[in-house]
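A.B. asks: Take a look and give me a structure for this.
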Amino acid sequence: MTQDAAAAGRTGRKVVAAYFLSLDGVAEAADQFITGWDDELDARGAELIASQDTVILGRRTYDEWVGFWPGSDIEPFASFVNAAPKFVATSTPLAGEWANSRVIEGDLVDFVTRLKAQPGGDIGIHGSISVTQTLLAAGLVDELQFVIAPTIAPAAGKRRLLDNLPPIQLEAISGTTSPTGYLLVTYRVLH
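C.D. replies: Here you go, the predicted model:
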C-alpha cells in the first residue's frame, strides 16, 4: 500500500512533531549541538516529509525560516517546505513573503482540531517549541520523531521541548542509532 493510500484509509490526519534534541532535551539552537551528519539522517528526514503535506509553524520559527528556506538548496526539505501550505500561529501579520503561508485565524487548538478532520497527509510541526507544547498538552500531537544528539547542550537560556507539560504516555514505535551516533527515535502519543 502506498503512503497516499494509507493516508486515505485513515480516519483523520496525524500531527507529527519532529525535532533535533540534545541528550538533555534542549530543542533550541540545534545548530549548536548537531555537529555531524550522515546518510541515515538524510533518509529519515526524507521519509518524515514524504508523508506530510502541511506544516504548522510558530511565529519565531516563521521569522527565522522565511529568510532562509525560500532561497535554500538543501534538499529535499527546501522543496517540501517551500511548496507545502504553512499555517503560522501568531496574532500579528506576517513579515516577509513566503509562498503558501498564512496566519492561523483564531485559537491554535481549535484550528488544528479542524485541520486534522480534513482529508490529507500528515501535518508536520518543525522547530516550533511553543506550538508543539500547546498541542501536546491539548492531546493533538500523534507522533514525536526525535534525532537525539550525543551531546549535553549548554542549556542556560535555551528551551527544552518537554518542559512544563502534563504527564503524557508514549509508546516507542522505532529506534536506531545512526553511523555518526545520533539516536533516531519515534514515539506514538497515547491519547
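A.B. asks: Skip the chain neighbours and tell me the closest residue to residue 69.
C.D. replies: Ranked by CB to CB, 6 or more residues apart in numbering and with sequence neighbours excluded, the top spatial neighbour of residue 69 is residue 81, at 5.2 Å. Heads up, the C-betas are built off the backbone N, CA and C, glycines and all.
A.B. asks: Per-residue pLDDT of the one you found, please?
C.D. replies: What the model reports for residue 81 is a pLDDT of 97.
A.B. asks: so who does it touch?
C.D. replies: Counting by CB atoms under 8 Å, 6 or more residues apart in numbering, residue 81 touches 55, 65, 69, 126.
A.B. asks: In JSON lines: those, plus secondary structure, pLDDT and neighbour count.
C.D. replies: Below are these laid out as JSON lines (DSSP: H, G, I helix; E, B strand; the rest coil; pLDDT from 0 to 100; neighbours: other CB atoms under 10 Å):
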{"residue": "55", "secondary structure": "strand", "pLDDT": "98", "neighbour count": "24"}
{"residue": "65", "secondary structure": "helix", "pLDDT": "96", "neighbour count": "22"}
{"residue": "69", "secondary structure": "helix", "pLDDT": "96", "neighbour count": "17"}
{"residue": "126", "secondary structure": "strand", "pLDDT": "93", "neighbour count": "23"}
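A.B. asks: circling back: I'd like the distance between the residue nearest to residue 69 and residue 190.
C.D. replies: The spacing between residue 81 and residue 190, counted by CB to CB, to the nearest Å, is 29 Å.
A.B. asks: what does residue 46 give?
C.D. replies: Distance from residue 46 to residue 190, counting by CB to CB: 27 Å.
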